[in-house]
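**Q** need a structure here:
(one chain, ligands or ions: 2)
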Amino acid sequence: MNAPAPIVAPSILAADFANLADEARAVEGAADWLHVDVMDNHFVPNLTIGLPVVQSLIAATSLPFDVHLMIEDPRRWAPGYADAGAYNVTFHAEASDNPVALARDLRAAGAKAGLAIDRDTPIEPYLELLPSFDTLLIMTIKAGFGGQRFIPELLDKVRAARRHVDAGHLELRIEVDGGIAADTIEQAADAGADAFVAGTAVYGADDPAEAVRKLRRLAERAAARA
Ligand SMILES: O=C(CO)[C@H](O)[C@H](O)COP(=O)(O)O
Ligand SMILES: [Fe+2]
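**A** Numbering: from 1, shown residues only. Ligands and ions are numbered 1, 2, ... in the order given. Reported below is the predicted structural model:
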């Protein structure tokens, strides 16, 4: 495995929504990216925040934004997040009929392009698309809600993706999202993930920045073993 240094991305889904800017700033200096879950009450049953709030948050913090779009019709909405200055914009494979075209649009707008794979979607049909992407987000839960239990069986998709990425010498982050915490992050890193979203494990902790640092130490330890 040739994974680069691990990235930890706290998810503000688990933060206090009345104090989002402060919650974002609480992990500045510790986090690599800030993960923002955009849910539209159609692609998933939950509803969170949209572009105006993300624009304001981007202006309020220095962290690179990792936007996870759990929405229908991403071709209509995703480029707006790239235009707003998001570092990485990830949309779901299940919601897109032409993922490569949308990845091209996102890159043209100056963002990294991410493809997300939900719990029940096999990875194999998408492996050949990966050269068009910078990030592959593999859900380790069913997309839609924070605070769910990590599903270790889904790491088989991470292993398959890691084999493909390494064999093809692709420059692509393999990100896991859902139930990532001190007791699960090493399994995910061992499987080949090198970017880790954590909501509850960070914002449910007394010291969110220290929780991020601890997760990174565990991921680094696993990467060193590999
Ligand atoms: O995409 C998501 C849910 O669909 C969230 O990013 C994810 O749930 C993070 O929260 P937690 O770490 O609490 O599982
Ligand atoms: Fe997410």
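
**Q** switch to C-alpha atoms for all contacts and neighbour counts from now on
**A** Noted.

**Q** Can you mark which positions in the longest helix along the chain are buried?
**A** Determined from DSSP state H, the single longest helix within the chain is helix 208-225. Buried residues in helix 208-225, counted by 16 or more other CA atoms under 10 Å: 208-209, 211-216, 218-220, 222-223.

**Q** go on, stretch 79-86?
**A** P79, G80, Y81, A82, A84, G85, A86.

**Q** quick one on the thing from earlier: then the longest helix of the chain to CSV, C-alphas only?
**A** Provided in CSV are the C-alpha atoms of helix 208-225 (Å, rounded to 0.1, in the frame of the first residue of the first chain):
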residue,chain,number,x,y,z
PRO,A,208,-12.7,18.2,19.7
ALA,A,209,-9.2,19.3,18.6
GLU,A,210,-7.5,16.7,20.8
ALA,A,211,-10.0,14.0,19.5
VAL,A,212,-8.8,14.8,16.0
ARG,A,213,-5.1,14.5,17.0
LYS,A,214,-5.8,11.2,18.7
LEU,A,215,-7.6,9.8,15.6
ARG,A,216,-4.7,10.9,13.4
ARG,A,217,-2.1,9.2,15.7
LEU,A,218,-4.1,6.0,15.4
ALA,A,219,-4.4,6.2,11.6
GLU,A,220,-0.6,7.0,11.4
ARG,A,221,0.2,4.0,13.5
ALA,A,222,-1.9,1.7,11.2
ALA,A,223,-0.3,3.3,8.1
ALA,A,224,3.2,2.7,9.6
ARG,A,225,2.3,-1.0,10.1
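
**Q** Quick check: mean pLDDT of that helix?
**A** Averaged across helix 208-225, pLDDT comes to 96.

**Q** Who are the packing partners of that helix?
**A** strand 7-10, helix 185-191, helix 200-203 (3 or more CA pairs under 8 Å, 6 or more residues apart in numbering; DSSP states H and E).

**Q** quick one: A60 and V36, what's the gap?
**A** 14 Å (CA to CA, to the nearest Å).

**Q** Looking at those two, which one has more neighbours?
**A** Using other CA atoms under 10 Å as the criterion, A60 and V36 rank with V36 on top: 25 against 14.

**Q** Thank you kindly, that will do.
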